[in-house]
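A.B. asks: sequence first, predicted model second:
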Amino acid sequence: MDIKDRGNIKWTSLMLVEHRKKLEELKESENDKIRIELDEQIYELFDYRIKSAIKEKIKVKITYFDNKDYKNITTYIKKFDKQRNSLKIAEGKISEILLKDVIDINLLY
């Protein structure tokens with residue numbers, strides 16, 4: 001005999017609307033990631049990599065935090081904006097990444 005379990009579906013008819021909404025919110029938030037706090041040594045390494053990438057026109061892979069998720073972009077850095085503390089990038093859907101959102105920068109020789 002094969003019993004097919006429908007998980008939470010079988011219980012939703014007994015739940016209040018508010019409970020169903022909370023359950024859906026909980027399920028959606030399970031995949032949320034948090035912004036990583038980096039130390040000064042990492043920022044010094046980023047500084048070296050950013051300067052090298054701009055000076056020698058080296059392509060970089062930037063991992064950054066955006067909308068509760070980690071994203072990657074491979075691009076060239078045009079310049080570092082000291083006032084906004086951000087990277088101006090050459091290509092892609094976005095043109096600027098705030099340094100506080102950057103998780104990693106790798107030079108692609």
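C.D. replies: Cool, got the structure.
A.B. asks: any idea which helix or strand comes after the helix or strand residue 62 falls within?
C.D. replies: Using DSSP states H and E, residue 62 maps to strand 59-66. Using DSSP H and E, the next helix or strand after strand 59-66 towards the C-terminus is strand 69-75.
A.B. asks: give the other helices and strands that that next one contacts.
C.D. replies: Judged by 3 or more Cβ pairs under 8 Å, 6 or more residues apart in numbering; DSSP states H and E, strand 69-75 is in contact with strand 59-66. Glycine gets a C-beta too; all of them are placed from N, C-alpha and C.
A.B. asks: partner strands of the strand it packs on, with direction?
C.D. replies: Applying DSSP bridges to the sheet, strand 59-66 is found paired with strand 69-75 (antiparallel), strand 102-108 (antiparallel).
A.B. asks: among these, which is nearest residue 38?
C.D. replies: strand 102-108 (7.5 Å; Cβ to Cβ).
A.B. asks: tell me the mean pLDDT for that closest one?
C.D. replies: Over the span of strand 102-108, the pLDDT mean works out to 95.
A.B. asks: same check on stretch 55-68?
C.D. replies: 94.
A.B. asks: can you list contacts of that stretch?
C.D. replies: For stretch 55-68, contacts defined as Cβ atoms under 8 Å, 6 or more residues apart in numbering pick out 32-33, 35-36, 49, 52-53, 70-77, 87, 89, 97, 101-109.
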